[in-house]
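>>> Predicted model follows, preceded by the sequence.
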Amino acid sequence: MAKTSISPMLSVRNGAKAVEFYKQAFGARELFRIESDTGEVVAQLAVGEADFWMSDESPEHKNFSPESLDAEFRGGATVRMVMVVEDPDADFARALKAGATTVSPVTDQPYGWRVGRLVDPFGHHWEIGKPLQ
C-alpha cells in the first residue's frame, strides 16, 4: 500500500520560469513535468525529501496565482510554504540571490525557531527556518 502524503500545488504565471527559479533558489529537482503546446507547465519538484507541485494558473478552473489575487484583491495568497532546513540563513540568502524578496529577515524567535519569511517572484510566501536546540 502506498504511503499517504499531501503535497501543495502552487499556481504561478509563467510556469517554465518558475521551475527554473525554484531550482536556483532552493536547489529543487524536477521529478515530473508536462508542458502543453502553448507552454503551460505542470511540474512536481523536490527540495531534499520534500516535494511540491506547481502549475501555470488556469482561471477557467478557478486556479489563480498570487499575482492574479494581487490584481483583484490587493495582495495576498492562499497558502504559505514552510521549509525546514539545516541552515536557514544560507538557504534564505540563496533564495534572495535568485530573485526572492525579504518579508522578514531570518532571526531567532521567542517561540523557539530561527526563521525568516520571503516572497518569491511569483507571489508565494516562504518561511525558511528550523527549531532552535
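Noted; the coordinates are in hand. Numbering: from 1, shown residues only.
>>> these two touch, right, residue 103 and residue 123?
No: taking CB atoms under 8 Å as the contact criterion, residue 103 and residue 123 are not neighbours in contact, 11.6 Å apart. C-beta: built from backbone N, CA, C; applies to glycine.
>>> out of these two, which sits in the more crowded spot?
Set side by side, residue 103 and residue 123 give different neighbour counts by other CB atoms under 10 Å, the larger being at residue 123 (19 against 13).
>>> got the contact list for that one?
Residue 123 makes contact with 12, 65-67, 69-70, 77 under the criterion CB atoms under 8 Å, 6 or more residues apart in numbering.
>>> is it true that residue 83 lies in a strand?
Yes: with DSSP: H, G, I helix; E, B strand; the rest coil as the criterion, residue 83 is part of a strand.
>>> any idea how far it is from residue 5?
Here the distance between residue 83 and residue 5 works out to 16 Å (CB to CB, to the nearest Å).
>>> Compare the two (neighbour count), which wins?
Neighbour count, other CB under 10 Å: between residue 83 and residue 5, residue 83 has more, with 19 against 7.
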